[in-house]
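1. Mind looking at a prediction? Sequence and model below.
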Amino acid sequence: MAKGTTAMEVRADGVAVITISNPPVNALSFDVIASLQRNYAEALSRNDVKAIVLTGAKGRFCGGFDITAFGKKPKNEKPGSMSIDFLSDIVEDARKPSVAAIDGIALGGGLEVAMVCHARISTPSAQLGLPELQLGIIPGLGGTQRLPRLVGLQKALEMMLTSKAIKGREAHEVGLVDAVTSANELVNTACSWALEIVENKKPWFKSLYRTDRLPDLVEVKDVLKFARVQTKKKAPNVQHPIVCIDVIEEGIVCGPRVGLMKEALSAKMVEQSQTSKSLRHFFFAQRATSKIPNITNIGLTPRKIKKAAIVGGGLMGSGIATVLILNNFKVILKEINEQFLSAGINRVRGNLQSFVRKGQLTKEDCERKFSLLSGVLDYEQFRDADLVVEAVIEDILLKQKIFSDLEKYCHHNCIFATNTSTIDLNLIGQKTGSQDRIVGAHFFSPAHVMPLLEIVRTHQTSLQAIVDLLDMAKKIHKTPIVAGNCTGFAVNRMFFPYGQAASFLVDYGLDVYRIDNVITQFGMPMGPFR
Ligand SMILES: C[C@H](O)CC(=O)SCCNC(=O)CCNC(=O)[C@H](O)C(C)(C)COP(=O)(O)OP(=O)(O)OC[C@H]1O[C@@H](n2cnc3c(N)ncnc32)[C@H](O)[C@@H]1OP(=O)(O)O
């Protein structure tokens, strides 16, 4: 069965609208690419077609090359056959203009195809980026050449080296898209734009040959030198970011066609590396953590969490409150007295302000999110909470008392989660008759930053509670791992022996600085003694 396709509809005004359809993210599978090539051949040969608009089905332009297809490309495929022979020589050099109509996502190969088009229209919320480096590869469909020519070298490097996408509005500001419009108007606007190109009312840009955003060669060398130094510092053990910078340089110094060929050859080389194989495995492994046999595949639907309550406003509690309000959950934070409560609330405010300082949150959004939080000193307002996360100190008796109190106030479907990192959940729930809704929600400090969420289940935890927490994890952008109620759960079960092994080495007389040094050289961000 074909893995995705494209469909072409020729409108009365002479615009052929080609729609990529390969759910869930409209990835460029071999079938999609073959279908796209057929559609283009037809559109370019038909006399009733004046221009082409390329878009994606169901509000998603394209999530890039099909990651499952790496390593499955035909062995004798000519380097650059898609990037040069099709995209550059047929689409970009065509005598009919193409306009990309982008909603949802234009990532990796998706954005690269859009950059081949002669103009791009997007929605304000669309995400555009070249995240290939996080898969251990480099952009392979012309992205290393066209992005710097559209947005300038600095911005292009930032986007590629961080793998971070930008939203439609910013894409417009930096020159990646030509106009921003609503999802409803998107295709019509793109069609009008394409016809205006035909009528010479709008410019007919070929991104590959633009030079107006590129700095002079002296500055290029300086910028790339700095980027190499920073990259080696940040990721000393991987090659592909440096390869990416080399390819960008080749295109600017020797011309974009030479750059495209170097990109095609280098992309093929890095794709075969162990780093890329590992990072691609990691991409799917990360998603597999929320697919738990006999839990997520038995038809349970996650219940909606409208209001969450946190018990304890210390470092962990305030971090958890922060991540929840950041993701638009209504939260109440309970402390034992006014002083601790205001300290907890101030910590949440401080966390939000740090996002404002880094430009990741506007002041208005900060205030709006902060208004989702209220502080309390008793359990009265817990009555309509759908989830409670207990985040007090690791004291079994205290936790037991809290959960038996919670039982008296909360409705019987409310999930009782504990942020404990080590205590047996059966003990924590021992004084309640609610063992089925006791579950671990172990965040890592700082909870509003670290991406992992350990969900701990006992033999009695209901499957529904786990499905609910997995869904919440997705909503708050955490990677969940479901662990059993065993010593150390999953993370500390690995982390404690790691620290112990380091301590043994010290007992044997090794220098702590040397141990830390070896560990950081191995690639860990810091050693066990820092
Ligand atoms: C030649 C080119 O230069 C090379 C490339 O294009 S490489 C690919 C570059 N593209 C990317 O790196 C994008 C990767 N995808 C993502 O970042 C995210 O999936 C996304 C932002 C598109 C969507 O996120 P979200 O809505 O949270 O859904 P998410 O759960 O991640 O993905 C949905 C499904 O699509 C799959 N998927 C996402 N992107 C895919 C891709 N490019 N290829 C194949 N499958 C993909 C996921 O594995 C997942 O499958 P599952 O449901 O079986 O687990």
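-> That came through fine.

2. So which residue is smack in the middle of the protein?
-> Lys164 (7.6 Å; C-alpha atoms, centre = their mean).

3. Does that residue touch Gly129 like I think?
-> Yes. The pair formed by Lys164 and Gly129 meets the contact definition of C-beta atoms under 8 Å, at 6.2 Å. Backbone N, C-alpha and C define where each C-beta goes, glycine included.

4. Give me every residue in the stretch 51-200 of the chain lying close to the ligand.
-> By the rule C-beta under 6 Å from any ligand atom, the part of the stretch 51-200 of the chain lying against the ligand is 63-68, 105, 107-109, 112, 131-132, 135, 139-141, 143.

5. mind listing what the residue of the stretch 351-500 of the chain found nearest the ligand touches?
-> Nearest to the ligand in the stretch 351-500 of the chain, going by C-beta to the nearest ligand atom, is Lys474, at a distance of 7.2 Å. By C-beta atoms under 8 Å, 6 or more residues apart in numbering, the contact list for Lys474 reads Ser290, Pro480.

6. Just say helix, strand or coil for it.
-> helix (DSSP: H, G, I helix; E, B strand; the rest coil).

7. Next one: it, what pLDDT does it get?
-> For Lys474, the model assigns a pLDDT of 96.

8. Then His477?
-> Looking at His477, the pLDDT reads 96.

9. So for stretch 275-288, what gets flagged as buried?
-> Residues of stretch 275-288 classed as buried: Thr275, Ser276, Leu279, Arg280, Phe283 (neighbour count, 16 or more other C-beta atoms under 10 Å).

10. for stretch 246-266, same thing?
-> Buried-residue list, stretch 246-266, by 16+ other C-beta under 10 Å: 246-252, 256, 259-264, 266.

11. do the same with stretch 484-502
-> Asn485, Phe489, Ala490, Asn492, Ala502.

12. can you check stretch 150-158 too?
-> So stretch 150-158, judged by 16+ other C-beta under 10 Å, has buried residues Leu150, Val151, Gly152, Leu153, Lys155, Ala156, Leu157.

13. Show me where the stretch 151-300 of the chain has its helices.
-> 153-162, 168-174, 186-198, 217-234, 240-254, 256-271, 274-288 (DSSP state H, counting those that start in this stretch).

14. Run through the residues of the protein sitting next to the ligand.
-> 24-25, 27, 63-68, 105, 107-109, 112, 131-132, 135, 139-141, 143, 284, 287.

15. which of those residues are buried?
-> Buried among the residues of the chain next to the ligand by 16+ other C-beta under 10 Å: 25, 27, 63-66, 105, 107-109, 112, 131-132, 135, 139-141, 143.

16. Just the ones of these in strands?
-> Ile105, Leu107 (DSSP state E).

17. how about the residue nearest to Tyr379 when sequence neighbours are not counted, phi and psi?
-> Among residues not flanking Tyr379 along the chain, Tyr409 sits closest, at 4.1 Å (C-beta to C-beta, 6 or more residues apart in numbering). Main-chain dihedrals, Tyr409, degrees, to the nearest 10: phi -110, psi -40.

18. and Tyr409, what is it in contact with?
-> Tyr409 touches Tyr379, Glu380, Phe382, Arg383, counting by C-beta under 8 Å, 6+ apart.

19. Of those residues, which is the most crowded?
-> Phe382 (21 neighbours; other C-beta atoms under 10 Å).

20. who touches that one in this structure?
-> With C-beta under 8 Å, 6+ apart, Phe382 has these contacts: Ala309, Ile332, Lys334, Val388, Leu406, Tyr409, Cys410, Cys414.

21. okay, now the last one: neighbour count?
-> Neighbourhood size, Cys414 [other C-beta under 10 Å]: 23.

22. same thing with the third one?
-> As a burial measure, the neighbour count of Lys334 was computed by other C-beta under 10 Å and equals 24.

23. got a pLDDT number for it?
-> 98.

24. Pretty sure it sits against Val376.
-> Yes. Here Lys334 reaches Val376: they are 5.1 Å apart, a contact under C-beta under 8 Å.

25. what residues are shared contacts of those two?
-> Leu341.

26. and the residue of the stretch 51-200 of the chain nearest the ligand?
-> Counting by C-beta to the nearest ligand atom, the stretch 51-200 of the chain gets nearest the ligand through Gly108, at 2.4 Å.

27. Give the phi and psi angles for the residue nearest to that residue when sequence neighbours are not counted, as a check.
-> Nearest residue to Gly108, sequence neighbours excluded (C-beta to C-beta, 6+ apart): Gly64, at 2.7 Å. For Gly64, the backbone dihedrals are phi 100, psi -170 (criterion: degrees, to the nearest 10).
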